[in-house]
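structural data only, the sequence is not supplied:
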């Protein structure tokens, strides 16, 4: 898969909708072992949801990790510093494929990141081993590779015009596993595990809002792969836009984007 170049401004255009699954995940995380907890946010993006961790645990030392320089630059500017309760919020580069905590953590959280990380199930053992007794691993991933949003993109990329440049750069259909797979893997690591799915029905407004949404996330690998050929990039986006218009028709109240997500909260035994 092409490592995408991220655009924080585009990503944040739908920040409210994108943050809601994180707040739902946050609500299911229990009390942490320490009064001044150590927290890691793996795949923090521009830091807007990492800041919500500081609202919940204002005394914590929270580090957001990401492999995108663009996202980290935005996070440093917008959110880094001392928190209201005397804790600290900072950011650092890291790759989820290889990252292991350098010190014990009370909470490791990952929001809408692991779908980009092949083999992420195999990282759970290292991450749970780094948790303090009673600590939590919490994650949320989009679970909708079968939705038109992604299926149409893959189908278009596989056509003769685009196959040689795009067929292998998009999210795979097996990038997220079944809920039972996450439950089994985390439970076998000795964690009390809660797994669930939720489908959100986002009402989007504006011109071609579903395209605008996906330009911030799932379309990034294609945009990156075609970045050196603006004409081809624009042609692909136009074809994809037309497909999305049919799949997600507008209505007087807006355009509805159904979006299924998968959640897991795993608490290490005390």
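All right, it came through fine. None of these values were measured; they are calculated from a predicted model.

for the rest of this, base every contact and every neighbour count on C-alpha atoms.
Fine.

can you list contacts of the host helix or strand of residue 214?
Assessed by DSSP states H and E, residue 214 sits inside helix 209-215. The contact list for helix 209-215, computed with CA atoms under 8 Å, 6 or more residues apart in numbering, reads 10, 11, 13, 14, 149, 204, 220, 241, 244, 248, 255, 257.

residues in contact with the closest residue to residue 172 other than its chain neighbours?
Leaving aside its chain neighbours, residue 172 sits nearest to residue 145 (7.6 Å; criterion: CA to CA, 6 or more residues apart in numbering). The contact partners of residue 145, by CA under 8 Å, 6+ apart, come to 151, 171, 172, 173.

filter the residues you listed down to the buried ones and hand me the PyMOL line.
The PyMOL command for the buried members of these (criterion: 16 or more other CA atoms under 10 Å) is given here:
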select buried, resi 171
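
sort the contacts of residue 145 by pLDDT and name the bottom one.
Minimum pLDDT for the contacts of residue 145 is recorded at residue 171 (75).

please report phi then psi for that one.
Phi and psi for residue 171, reported as degrees, to the nearest 10, are phi -60, psi 130.

residue 24 versus residue 53, what's the distance?
Distance, residue 53 to residue 24, by CA to CA, to the nearest Å: 12 Å.

the two: who's more crowded?
More neighbours surround residue 53 than the other of residue 53 and residue 24, with 21 against 13 (other CA atoms under 10 Å).

mean confidence score for whichever strand or helix holds the more buried one?
Using DSSP H and E, residue 53 sits within helix 50-56. What helix 50-56 shows for mean pLDDT is 97.

same question, stretch 18-29
pLDDT averaged over stretch 18-29 gives 97.

cool, stretch 197-216 as well?
The pLDDT scores in stretch 197-216 average 97.

and it, how far out from the chain middle?
Once both centres are worked out by CA atoms, centre = their mean, to the nearest Å, stretch 197-216 turns out to sit 15 Å from its chain's centre.

with stretch 52-60 instead?
Relative to its chain's centre, stretch 52-60 lies at 20 Å (CA atoms, centre = their mean).

please renumber the chain so that the first residue is 52 from this point on.
Sure thing, new numbering starts at 52, so read that last one as stretch 103-111.

mind checking the SS state of the residue nearest to residue 223?
What DSSP: H, G, I helix; E, B strand; the rest coil gives for residue 196 is coil.

cool, the one 4 residues further on as well?
For residue 200, the reduced secondary structure class is helix; criterion used: three-state DSSP.

one more: residue 243?
Once three-state DSSP is applied, residue 243 turns out strand.

and it, what are its bridge partners?
For residue 243, the beta-bridge partners under DSSP bridges are residue 318.

mind listing what it touches?
Neighbouring residues of residue 243 by CA under 8 Å, 6+ apart: 237, 317, 318, 319, 320.

mark which of the residues you listed are buried, thanks.
Using 16+ other CA under 10 Å, the buried members of those are 237, 317, 318, 319.

circling back to that earlier point, now the element after the helix holding residue 265, going C-ward?
In the C-terminal direction, the helix or strand that comes right after helix 260-266 (DSSP H and E) is helix 271-276.

hmm, who's touching that next one?
The contact list for helix 271-276 (CA under 8 Å, 6+ apart) reads 52, 53, 54, 55, 56, 57, 216, 217, 220, 221, 265, 284.

what's the closest of those residues to residue 114?
When the contacts of helix 271-276 are ranked by distance to residue 114 (CA to CA), residue 57 comes first, at 19.8 Å.

check contacts around residue 318.
Contacts for residue 318 (CA under 8 Å, 6+ apart) come out as 185, 186, 187, 188, 242, 243, 244.

out of the residues you listed, which comes closest to residue 155?
The closest of these, once distances to residue 155 are taken by CA to CA, is residue 186, at 9.3 Å.
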